[in-house]
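> please find the sequence and the predicted model below.
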Amino acid sequence: MTSRQIAQLRLESQQIIHAEARGPEDLVRRMGCVQAQDFAGAKWALAERIPGATEADMDRAFQEGAILRTHVLRPTWHFVSPKDIRWLLKLSAPKIKALSKGLHRKLDIDEAVLRRSKTAIGKALAGGQRLTRTELSAHLRKARINTDDIRLGFHLMDAEVDGLICSGGREGKQFTYALLEERVAQAPVLDKDAAIGELAARYFTSRGPATVYDFAWWSGLTISQAQRGLEMNRRKLDHAIVRGQAYWFPLGLDAARIRPSVYLLPAFDEYTVAYRDRADILAPEAMAPTSYGLKPVLLVNGRVAGTWKRTEDKKQVGLEVHPLEALGKAARQLLDAAAGRYARFAQKELGALAVM
(Lines give C-alpha, C1' and ligand atoms only; values in the text may rest on other atoms or scores of the structure.)
Protein backbone atom coordinates (compact mmCIF):
# COMPACT_ATOMS: atom_id res chain seq x y z
CA MET A 1 0.00 0.00 0.00
CA THR A 2 1.38 3.41 -0.99
CA SER A 3 1.00 6.77 0.73
CA ARG A 4 -1.31 7.86 -2.06
CA GLN A 5 -3.54 4.87 -1.42
CA ILE A 6 -3.50 5.48 2.33
CA ALA A 7 -4.51 9.11 1.81
CA GLN A 8 -7.28 8.22 -0.60
CA LEU A 9 -8.67 5.41 1.55
CA ARG A 10 -8.79 7.75 4.54
CA LEU A 11 -11.03 10.05 2.52
CA GLU A 12 -13.45 7.15 2.26
CA SER A 13 -13.28 5.89 5.85
CA GLN A 14 -13.59 9.46 7.17
CA GLN A 15 -16.78 9.92 5.15
CA ILE A 16 -15.35 12.81 3.14
CA ILE A 17 -16.15 10.82 0.01
CA HIS A 18 -19.01 8.33 -0.17
CA ALA A 19 -20.66 10.08 2.80
CA GLU A 20 -23.41 8.03 4.41
CA ALA A 21 -24.21 9.87 7.67
CA ARG A 22 -27.86 10.81 8.12
CA GLY A 23 -27.08 13.82 10.30
CA PRO A 24 -24.57 15.28 12.78
CA GLU A 25 -25.37 12.94 15.67
CA ASP A 26 -25.10 9.90 13.40
CA LEU A 27 -21.72 11.10 12.11
CA VAL A 28 -20.33 12.00 15.55
CA ARG A 29 -21.35 8.59 16.92
CA ARG A 30 -19.67 6.85 13.99
CA MET A 31 -16.44 8.79 14.53
CA GLY A 32 -16.50 8.52 18.32
CA CYS A 33 -15.94 12.24 18.68
CA VAL A 34 -14.78 15.12 16.48
CA GLN A 35 -12.27 17.78 17.51
CA ALA A 36 -14.05 21.11 17.97
CA GLN A 37 -11.98 23.82 19.64
CA ASP A 38 -12.60 25.97 16.52
CA PHE A 39 -16.40 25.86 16.67
CA ALA A 40 -17.07 27.42 13.26
CA GLY A 41 -14.52 25.15 11.57
CA ALA A 42 -15.81 22.08 13.38
CA LYS A 43 -19.31 22.70 12.06
CA TRP A 44 -17.91 22.68 8.53
CA ALA A 45 -15.94 19.51 9.35
CA LEU A 46 -19.23 17.78 10.16
CA ALA A 47 -21.18 19.26 7.26
CA GLU A 48 -18.54 18.29 4.67
CA ARG A 49 -19.25 14.68 5.68
CA ILE A 50 -23.07 14.93 5.57
CA PRO A 51 -24.68 15.33 2.13
CA GLY A 52 -26.49 18.65 1.76
CA ALA A 53 -25.87 19.77 5.35
CA THR A 54 -25.82 23.48 6.18
CA GLU A 55 -24.37 25.55 8.99
CA ALA A 56 -27.91 26.12 10.25
CA ASP A 57 -28.36 22.34 10.54
CA MET A 58 -25.21 22.11 12.66
CA ASP A 59 -26.27 25.03 14.85
CA ARG A 60 -29.69 23.47 15.39
CA ALA A 61 -28.18 20.10 16.37
CA PHE A 62 -25.87 21.80 18.86
CA GLN A 63 -28.59 24.02 20.29
CA GLU A 64 -30.97 21.08 20.76
CA GLY A 65 -28.28 18.90 22.36
CA ALA A 66 -28.21 16.30 19.56
CA ILE A 67 -24.44 16.86 19.66
CA LEU A 68 -22.53 18.15 22.68
CA ARG A 69 -19.17 19.87 23.07
CA THR A 70 -16.87 18.99 25.95
CA HIS A 71 -13.27 18.19 26.91
CA VAL A 72 -12.33 14.55 26.30
CA LEU A 73 -9.34 12.48 25.13
CA ARG A 74 -6.03 14.44 25.02
CA PRO A 75 -7.88 16.72 26.19
CA THR A 76 -9.31 19.39 23.94
CA TRP A 77 -12.82 20.39 22.88
CA HIS A 78 -14.67 17.68 20.96
CA PHE A 79 -18.16 17.16 19.64
CA VAL A 80 -19.61 14.03 21.22
CA SER A 81 -22.93 12.21 21.07
CA PRO A 82 -25.19 12.33 24.16
CA LYS A 83 -25.25 8.52 24.03
CA ASP A 84 -21.47 8.36 24.39
CA ILE A 85 -20.54 11.30 26.58
CA ARG A 86 -20.56 9.51 29.93
CA TRP A 87 -18.34 6.57 28.97
CA LEU A 88 -15.98 8.82 27.02
CA LEU A 89 -15.58 11.10 30.04
CA LYS A 90 -15.07 8.15 32.39
CA LEU A 91 -12.36 6.73 30.11
CA SER A 92 -10.64 10.11 29.64
CA ALA A 93 -10.86 11.39 33.22
CA PRO A 94 -7.77 9.74 34.77
CA LYS A 95 -5.37 11.13 32.19
CA ILE A 96 -6.99 14.58 32.08
CA LYS A 97 -6.88 14.86 35.87
CA ALA A 98 -3.25 13.69 35.95
CA LEU A 99 -2.29 16.28 33.32
CA SER A 100 -4.07 19.03 35.28
CA LYS A 101 -2.49 18.32 38.68
CA GLY A 102 0.73 20.23 38.11
CA LEU A 103 -1.01 23.43 37.07
CA HIS A 104 -3.59 22.98 39.82
CA ARG A 105 -0.75 23.04 42.36
CA LYS A 106 0.74 26.19 40.85
CA LEU A 107 -2.67 27.89 40.96
CA ASP A 108 -3.50 26.71 44.51
CA ILE A 109 -6.44 24.66 43.30
CA ASP A 110 -6.70 21.61 45.57
CA GLU A 111 -9.37 18.91 45.84
CA ALA A 112 -11.27 20.81 48.52
CA VAL A 113 -11.48 23.88 46.26
CA LEU A 114 -12.63 21.74 43.33
CA ARG A 115 -15.38 20.18 45.46
CA ARG A 116 -16.55 23.64 46.52
CA SER A 117 -16.53 24.90 42.94
CA LYS A 118 -18.57 21.94 41.69
CA THR A 119 -21.08 22.51 44.48
CA ALA A 120 -21.42 26.18 43.48
CA ILE A 121 -21.70 25.32 39.78
CA GLY A 122 -24.29 22.63 40.47
CA LYS A 123 -26.45 25.01 42.50
CA ALA A 124 -26.20 27.76 39.86
CA LEU A 125 -27.30 25.46 37.03
CA ALA A 126 -29.96 23.47 38.87
CA GLY A 127 -33.48 23.56 37.50
CA GLY A 128 -32.58 23.78 33.81
CA GLN A 129 -30.45 26.92 33.98
CA ARG A 130 -27.97 27.51 31.17
CA LEU A 131 -25.22 29.96 32.06
CA THR A 132 -22.21 31.43 30.26
CA ARG A 133 -18.63 31.34 31.55
CA THR A 134 -19.00 34.93 32.75
CA GLU A 135 -22.18 34.11 34.65
CA LEU A 136 -20.67 31.01 36.25
CA SER A 137 -17.57 32.98 37.18
CA ALA A 138 -19.77 35.38 39.15
CA HIS A 139 -21.34 32.47 41.06
CA LEU A 140 -17.89 31.06 41.86
CA ARG A 141 -16.61 34.40 43.11
CA LYS A 142 -19.70 34.70 45.31
CA ALA A 143 -18.66 31.33 46.79
CA ARG A 144 -15.19 32.86 47.43
CA ILE A 145 -13.47 30.80 44.74
CA ASN A 146 -10.71 32.53 42.80
CA THR A 147 -11.42 32.63 39.04
CA ASP A 148 -8.54 34.92 38.04
CA ASP A 149 -6.12 34.13 35.20
CA ILE A 150 -6.81 30.64 33.82
CA ARG A 151 -8.39 29.27 37.01
CA LEU A 152 -11.96 29.49 35.72
CA GLY A 153 -11.14 27.22 32.78
CA PHE A 154 -9.68 24.58 35.12
CA HIS A 155 -12.74 24.67 37.37
CA LEU A 156 -15.08 24.26 34.41
CA MET A 157 -13.00 21.48 32.83
CA ASP A 158 -12.90 19.60 36.12
CA ALA A 159 -16.70 19.83 36.32
CA GLU A 160 -16.95 18.59 32.73
CA VAL A 161 -14.60 15.66 33.27
CA ASP A 162 -16.50 14.61 36.40
CA GLY A 163 -19.71 14.56 34.37
CA LEU A 164 -21.36 17.45 36.22
CA ILE A 165 -21.74 19.84 33.28
CA CYS A 166 -21.82 19.83 29.50
CA SER A 167 -22.53 22.30 26.72
CA GLY A 168 -25.93 23.95 26.93
CA GLY A 169 -26.14 25.54 23.50
CA ARG A 170 -25.47 29.22 22.85
CA GLU A 171 -27.03 32.51 23.84
CA GLY A 172 -26.23 34.73 20.88
CA LYS A 173 -22.54 34.05 20.28
CA GLN A 174 -21.83 33.01 23.87
CA PHE A 175 -21.52 29.35 24.83
CA THR A 176 -23.45 28.15 27.86
CA TYR A 177 -23.18 25.23 30.25
CA ALA A 178 -25.92 22.98 31.61
CA LEU A 179 -26.07 20.13 34.09
CA LEU A 180 -25.32 16.87 32.29
CA GLU A 181 -27.97 14.98 34.26
CA GLU A 182 -30.64 17.46 33.20
CA ARG A 183 -29.59 17.78 29.56
CA VAL A 184 -28.70 14.19 28.65
CA ALA A 185 -30.83 11.08 29.12
CA GLN A 186 -29.23 8.18 30.98
CA ALA A 187 -27.32 5.68 28.84
CA PRO A 188 -25.16 2.64 29.69
CA VAL A 189 -21.65 3.49 30.91
CA LEU A 190 -19.11 1.00 29.60
CA ASP A 191 -16.47 -0.49 31.85
CA LYS A 192 -12.88 0.42 31.07
CA ASP A 193 -12.01 -2.52 28.82
CA ALA A 194 -15.27 -2.27 26.90
CA ALA A 195 -14.75 1.49 26.48
CA ILE A 196 -11.22 0.98 25.12
CA GLY A 197 -12.51 -1.62 22.68
CA GLU A 198 -15.39 0.56 21.56
CA LEU A 199 -13.18 3.60 21.06
CA ALA A 200 -10.71 1.53 19.03
CA ALA A 201 -13.55 0.23 16.85
CA ARG A 202 -14.81 3.76 16.21
CA TYR A 203 -11.31 5.04 15.45
CA PHE A 204 -10.10 2.40 13.00
CA THR A 205 -13.41 2.12 11.14
CA SER A 206 -13.72 5.90 10.73
CA ARG A 207 -10.06 6.88 10.29
CA GLY A 208 -8.16 3.88 8.93
CA PRO A 209 -5.71 3.11 7.47
CA ALA A 210 -3.94 4.06 10.70
CA THR A 211 -1.38 2.60 13.08
CA VAL A 212 -1.79 1.75 16.74
CA TYR A 213 0.52 4.71 17.47
CA ASP A 214 -1.88 7.02 15.62
CA PHE A 215 -4.73 5.66 17.74
CA ALA A 216 -2.80 6.16 20.98
CA TRP A 217 -2.01 9.76 20.00
CA TRP A 218 -5.60 10.57 19.07
CA SER A 219 -7.23 8.86 22.04
CA GLY A 220 -4.80 9.84 24.78
CA LEU A 221 -4.51 6.15 25.76
CA THR A 222 -1.22 4.46 26.54
CA ILE A 223 0.35 2.30 23.85
CA SER A 224 -0.53 -0.85 25.80
CA GLN A 225 -4.17 0.27 26.14
CA ALA A 226 -4.27 1.13 22.43
CA GLN A 227 -2.84 -2.30 21.57
CA ARG A 228 -5.50 -3.94 23.72
CA GLY A 229 -8.24 -1.99 21.98
CA LEU A 230 -6.88 -3.04 18.60
CA GLU A 231 -6.70 -6.70 19.64
CA MET A 232 -10.38 -6.60 20.58
CA ASN A 233 -11.21 -5.54 17.01
CA ARG A 234 -8.69 -7.43 14.84
CA ARG A 235 -11.34 -9.70 13.30
CA LYS A 236 -13.34 -6.67 12.14
CA LEU A 237 -10.38 -5.00 10.44
CA ASP A 238 -7.97 -5.53 7.57
CA HIS A 239 -4.35 -4.37 7.56
CA ALA A 240 -1.34 -3.75 5.36
CA ILE A 241 2.34 -3.46 6.28
CA VAL A 242 3.80 -0.11 5.19
CA ARG A 243 7.36 0.92 6.06
CA GLY A 244 7.43 -1.82 8.69
CA GLN A 245 4.22 -0.64 10.40
CA ALA A 246 0.80 -2.29 10.38
CA TYR A 247 -1.89 0.05 9.05
CA TRP A 248 -5.39 -1.04 10.12
CA PHE A 249 -8.57 -0.12 8.30
CA PRO A 250 -12.21 -1.21 7.98
CA LEU A 251 -13.11 -4.23 5.90
CA GLY A 252 -14.46 -3.37 2.47
CA LEU A 253 -12.44 -0.23 1.70
CA ASP A 254 -11.94 -0.32 -2.05
CA ALA A 255 -9.09 1.50 -3.76
CA ALA A 256 -10.78 0.87 -7.09
CA ARG A 257 -13.46 3.42 -6.19
CA ILE A 258 -10.91 6.20 -5.75
CA ARG A 259 -11.29 9.19 -8.03
CA PRO A 260 -9.60 12.61 -8.32
CA SER A 261 -10.81 15.01 -5.65
CA VAL A 262 -10.37 18.49 -4.16
CA TYR A 263 -11.64 19.48 -0.72
CA LEU A 264 -11.45 22.52 1.53
CA LEU A 265 -11.09 21.29 5.10
CA PRO A 266 -11.18 23.45 8.24
CA ALA A 267 -8.47 23.92 10.84
CA PHE A 268 -8.05 20.91 13.14
CA ASP A 269 -10.05 18.62 10.87
CA GLU A 270 -9.95 14.95 11.89
CA TYR A 271 -8.43 14.15 8.49
CA THR A 272 -5.20 15.81 9.61
CA VAL A 273 -5.32 15.92 13.41
CA ALA A 274 -6.27 12.27 14.03
CA TYR A 275 -2.80 10.89 13.20
CA ARG A 276 0.50 11.18 15.02
CA ASP A 277 2.40 10.55 11.77
CA ARG A 278 0.98 12.68 8.94
CA ALA A 279 3.62 11.87 6.33
CA ASP A 280 1.13 9.98 4.17
CA ILE A 281 -0.95 13.12 3.62
CA LEU A 282 1.57 15.87 4.26
CA ALA A 283 4.79 16.34 2.30
CA PRO A 284 7.79 17.87 4.14
CA GLU A 285 7.50 21.12 2.15
CA ALA A 286 3.85 21.47 3.25
CA MET A 287 4.51 21.18 6.98
CA ALA A 288 5.54 24.76 7.79
CA PRO A 289 3.03 26.60 5.52
CA THR A 290 0.13 24.57 6.93
CA SER A 291 1.32 24.34 10.58
CA TYR A 292 1.68 20.56 10.24
CA GLY A 293 -1.73 20.40 8.59
CA LEU A 294 -3.58 22.23 11.38
CA LYS A 295 -4.58 25.31 9.37
CA PRO A 296 -7.58 25.25 7.01
CA VAL A 297 -6.14 23.10 4.23
CA LEU A 298 -6.66 22.50 0.55
CA LEU A 299 -6.65 18.78 -0.24
CA VAL A 300 -5.87 17.54 -3.74
CA ASN A 301 -6.30 13.78 -4.21
CA GLY A 302 -6.12 13.30 -0.44
CA ARG A 303 -2.84 15.20 0.02
CA VAL A 304 -2.44 18.56 1.74
CA ALA A 305 -1.75 20.97 -1.12
CA GLY A 306 -2.22 24.45 0.34
CA THR A 307 -4.28 26.63 2.66
CA TRP A 308 -7.43 28.74 2.38
CA LYS A 309 -9.46 31.33 4.22
CA ARG A 310 -12.88 32.90 3.85
CA THR A 311 -14.31 36.40 3.82
CA GLU A 312 -18.01 37.07 4.07
CA ASP A 313 -20.75 39.61 4.41
CA LYS A 314 -24.50 39.18 4.89
CA LYS A 315 -25.08 37.85 1.37
CA GLN A 316 -21.83 36.43 0.05
CA VAL A 317 -18.91 34.28 1.10
CA GLY A 318 -15.59 34.69 -0.67
CA LEU A 319 -12.65 32.28 -0.61
CA GLU A 320 -8.93 32.90 -0.92
CA VAL A 321 -6.94 29.76 -1.75
CA HIS A 322 -3.16 29.49 -1.52
CA PRO A 323 -2.00 26.29 -3.28
CA LEU A 324 1.59 25.22 -2.75
CA GLU A 325 1.85 24.39 -6.46
CA ALA A 326 -0.07 25.57 -9.52
CA LEU A 327 -3.36 23.73 -9.96
CA GLY A 328 -4.07 21.96 -13.22
CA LYS A 329 -7.30 22.46 -15.15
CA ALA A 330 -9.02 19.40 -13.64
CA ALA A 331 -8.05 20.35 -10.08
CA ARG A 332 -9.25 23.92 -10.66
CA GLN A 333 -12.66 22.65 -11.79
CA LEU A 334 -12.89 20.46 -8.70
CA LEU A 335 -11.90 23.45 -6.55
CA ASP A 336 -14.80 25.41 -8.04
CA ALA A 337 -17.12 22.59 -6.96
CA ALA A 338 -15.60 22.53 -3.46
CA ALA A 339 -16.09 26.29 -3.13
CA GLY A 340 -19.71 25.86 -4.20
CA ARG A 341 -20.24 23.26 -1.46
CA TYR A 342 -18.88 25.65 1.13
CA ALA A 343 -21.16 28.46 -0.05
CA ARG A 344 -24.17 26.15 0.17
CA PHE A 345 -23.12 25.19 3.70
CA ALA A 346 -22.98 28.88 4.62
CA GLN A 347 -26.29 29.42 2.77
CA LYS A 348 -24.83 32.39 0.93
CA GLU A 349 -23.90 33.24 -2.62
CA LEU A 350 -20.36 32.39 -3.62
CA GLY A 351 -18.46 35.61 -4.15
CA ALA A 352 -14.87 35.85 -5.34
CA LEU A 353 -12.82 32.67 -5.48
CA ALA A 354 -9.24 33.91 -5.57
CA VAL A 355 -6.45 31.42 -6.24
CA MET A 356 -3.25 33.16 -5.14
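Yep, it's here.

> tell me where the stretch 201-350 of the chain has helices.
Assigned by DSSP state H, counting those that start in this stretch, the stretch 201-350 of the chain shows helices spanning 212-219, 223-233, 270-273, 284-287, 329-346.

> save those helices as JSON lines, and put in mean neighbour count and distance to residue 62 too.
Bear in mind the C-beta positions are built from the backbone N, C-alpha and C, glycine included. Output for those, formatted as JSON lines (neighbours: other C-beta atoms under 10 Å; distance: least, C-beta to C-beta, whole Å):
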{"stretch": "helix 212-219", "mean neighbour count": "22", "distance to residue 62": "22"}
{"stretch": "helix 223-233", "mean neighbour count": "18", "distance to residue 62": "29"}
{"stretch": "helix 270-273", "mean neighbour count": "24", "distance to residue 62": "17"}
{"stretch": "helix 284-287", "mean neighbour count": "13", "distance to residue 62": "32"}
{"stretch": "helix 329-346", "mean neighbour count": "17", "distance to residue 62": "15"}
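
> between these, which one is nearest to residue 47?
Ranking those by proximity to residue 47 (C-beta to C-beta) places helix 329-346 first, at 4.9 Å.

> what's the closest of the helices of the stretch 201-350 of the chain to residue 135?
Among these, if distance is taken as C-beta to C-beta, the winner is helix 329-346, at 30.1 Å.

> which residues touch the closest one?
44, 47-48, 52-55, 260-264, 298, 300, 310, 312, 317, 319, 321, 327, 349-350, 353, 355 (C-beta atoms under 8 Å, 6 or more residues apart in numbering).

> now swap in stretch 174-184 and tell me
Contacts for stretch 174-184 (C-beta under 8 Å, 6+ apart): 39, 65, 68-69, 82, 85-86, 121-122, 125-126, 128-134, 136, 156, 163-170.

> give me the buried subset of those residues.
Burial by neighbour count, 16 or more other C-beta atoms under 10 Å: within these this picks out 39, 65, 68-69, 82, 85-86, 121, 125, 129-132, 136, 156, 163-169.

> among those residues, name the ones in helices.
The members of these that map onto helices under DSSP state H are 39, 85-86, 121, 125, 136, 156.

> can I see the domain layout of this structure?
Listed domain ranges for the chain are 85-186, 283-355 (source: automatic domain parsing).

> redo the ones you listed as a markdown table? Include mean pLDDT.
Output for the domains of the chain, formatted as a markdown table (pLDDT from 0 to 100):
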| stretch | mean pLDDT |
| --- | --- |
| domain 85-186 | 96 |
| domain 283-355 | 96 |
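
> would CSV of these with distance to residue 241 be doable?
Formatted as CSV, the domains of the chain follow (distance: least, C-beta to C-beta, whole Å):
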stretch, distance to residue 241
domain 85-186, 29
domain 283-355, 20
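
> relative to residue 77, which of the ones you listed is closest?
Here domain 85-186 is closest among the domains of the chain (C-beta to C-beta), at 9.2 Å.

> next, the distance between the ends of that closest one.
In terms of C-alpha to C-alpha, to the nearest Å, the two terminal residues of domain 85-186 are separated by 10 Å.

> out of the contacts of helix 329-346, which end up buried?
44, 47-48, 53, 55, 261-264, 298, 300, 310, 317, 319, 321, 327, 350, 353, 355.

> chain neighbours aside, what residue packs nearest to residue 355?
Distances taken as C-beta to C-beta, 6 or more residues apart in numbering place residue 321 nearest to residue 355, at 5.0 Å, with adjacent residues excluded.

> understood, closing this out.
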